[in-house]
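S.K.: No sequence on hand, only this structure:
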Ligand SMILES: NC(=O)c1ccc[n+]([C@@H]2O[C@H](COP(=O)([O-])OP(=O)(O)OC[C@H]3O[C@@H](n4cnc5c(N)ncnc54)[C@H](O)[C@@H]3O)[C@@H](O)[C@H]2O)c1
Ligand SMILES: CCCCC/C=C\C=C\[C@H](O)C/C=C\C/C=C\CCCC(=O)O
């Protein structure tokens with residue numbers, strides 16, 4: 001029970017990776033506030049998690065990560081329900097390369113993570129009454145290695161990597177005991193991957209072959225990688241890639257100090 005007494009907030013936690021993260025956090029003793037656009041699925045997930053991990057361990061707050069009001073409400077509800085906040089996982093994300101979807105992809109994948117990170121810093125920073133803590137932002141292996149199938153999606157995930165690394169070297173976060181790290185999984189067995197189609201990516205038939213070649217990992221494997229980041233207290237600004245062929249790999253990008 002390494003996270004006993006800790007409180008986590010997970011966006012996009014109604015299903016897929018966010019749900020697997022929430023479950024792993026609960027298994028390790030944390031309490032969890034889930035925010036998600038999908039209210040029906042979110043409420044069902046909370047029912048299932050509550051019956052498995054006990055009453056009062058998890059709450060659901062309907063939330064669109066692109067809305068600052070919704071995100072502010074999510075953070076307030078988490079703090080009110082559980083008294084503090086220690087871990088924030090900005091996980092909600094979508095794919096889609098064609099109009100009008102691609103603009104939404106930029107909004108959810110970038111704006112959502114910016115909202116979640118900025119609010120997390122306000123809630124966690126020690127000089128404003130927080131306890132410090134850990135922010136994990138969900139990028140993707142597609143944000144590290146270019147692929148021809150999802151340029152918009154890949155660009156948003158590269159943005160998440162860069163945005164997170166910038167904050168990780170900021171004196172406000174460092175001096176206030178806040179760490180920020182990045183998860184970059186390859187393909188994972190979630191509804192997002194199951195729903196990949198010609199409406200989501202370019203060259204769909206070739207993409208299918210690419211996914212088969214790369215391989216698909218389980219959400220639990222990525223949740224274990226989340227725990228690797230949470231347990232490793234020295235890491236800040238780290239990029240943890242998870243894939244079928246490489247397992248968990250910390251990646252280094254050239255950092256040129258200014
Ligand atoms: N599945 C993969 O292969 C894979 C690999 C690498 C990274 N990722 C990233 O992991 C994250 C989760 O992916 P997943 O596979 O679990 O996807 P998913 O589609 O299975 O689940 C995403 C969840 O996010 C919610 N969501 C979507 N838009 C939202 C919004 N605007 N506000 C709040 N909630 C919203 C959905 O309702 C859903 O519950 C995403 O950021 C994705 O880009 C996924
Ligand atoms: C076919 C692309 C669809 C993109 C949107 C849908 C799902 C997203 C899934 C993941 O985030 C993974 C996306 C891309 C992975 C790309 C390259 C993987 C590189 C493999 C590796 O380096 O191990």
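M.R.: Thanks, I have the structure now. Just so it is clear, the model here is predicted, and its values are computed rather than measured. Numbers count the residues shown, from 1 in each chain. Ligands and ions are numbered 1, 2, ... in the order given.

S.K.: Quick check: residues of this structure near ligand 1?
M.R.: Near ligand 1, the residues belonging to the chain are 11-12, 14-18, 36-38, 63-66, 91-94, 108, 112, 138, 140, 185, 187-188, 190-193 when assessed by C-beta under 6 Å from any ligand atom. Where C-beta positions appear, they are placed from N, C-alpha and C, glycine not excepted.

S.K.: Now intersect the residues you listed with the strands, please.
M.R.: Helix and strand membership here follows DSSP state E; of the residues of the chain next to ligand 1, those in strands are 11, 36, 138, 185.

S.K.: bridging residues for the last one?
M.R.: Beta-bridge partners of residue 185, counted by DSSP bridges, are residue 242.

S.K.: burial of it, as a residue count?
M.R.: Counted with other C-beta atoms under 10 Å, the neighbours of residue 185 add up to 23.

S.K.: How confident was the prediction at it?
M.R.: Residue 185 is assigned a pLDDT of 98 by the prediction.

S.K.: ok, it - contacts?
M.R.: If you count contacts by C-beta atoms under 8 Å, 6 or more residues apart in numbering, residue 185 has them with 17, 140-141, 217, 222, 225, 241-243.

S.K.: Recalculate using a threshold of 7 Å.
M.R.: By C-beta atoms under 7 Å, 6 or more residues apart in numbering, the contact set of residue 185 is 140-141, 217, 222, 242.

S.K.: quick one, strands of the stretch 151-258 of the chain?
M.R.: Ranges of strands in the stretch 151-258 of the chain, per DSSP state E, counting those that start in this stretch, are 178-185, 239-243, 247-251.

S.K.: orientation of the first one relative to strand 247-251 in degrees?
M.R.: So that's strand 178-185. Relative orientation of strand 178-185 with respect to strand 247-251: 130 degrees, computed using axes from the mean of the first three to the mean of the last three C-alpha atoms, to 10 degrees.

S.K.: residues in contact with stretch 30-50?
M.R.: Applying C-beta under 7 Å, 6+ apart, the contact partners of stretch 30-50 are 3, 6-15, 18-19, 22-23, 25-26, 57-64, 74, 77-78, 81-82, 87.

S.K.: er, stretch 188-202 I mean
M.R.: Taking C-beta under 7 Å, 6+ apart as the criterion, the residues outside stretch 188-202 that touch it are 15-17, 95-98, 148-150, 187, 204, 207, 216-219, 222.

S.K.: same for ligand 2: which of the residues you listed are within range?
M.R.: For ligand 2, the contacts drawn from those by C-beta under 6 Å from any ligand atom are 95, 149-150, 187, 207.

S.K.: Please identify which of those residues is nearest to residue 180.
M.R.: Ranked by distance to residue 180 (C-beta to C-beta), those are led by residue 95 at 23.5 Å.

S.K.: Spatially nearest residue to the closest one (excluding sequence neighbours)?
M.R.: Counting by C-beta to C-beta, 6 or more residues apart in numbering, residue 95 lies nearest to residue 153, which is 4.8 Å off, once chain neighbours are set aside.

S.K.: what's the spacing between the one you found and residue 109?
M.R.: Taking C-beta to C-beta, to the nearest Å as the criterion, residue 153 is separated from residue 109 by 7 Å.
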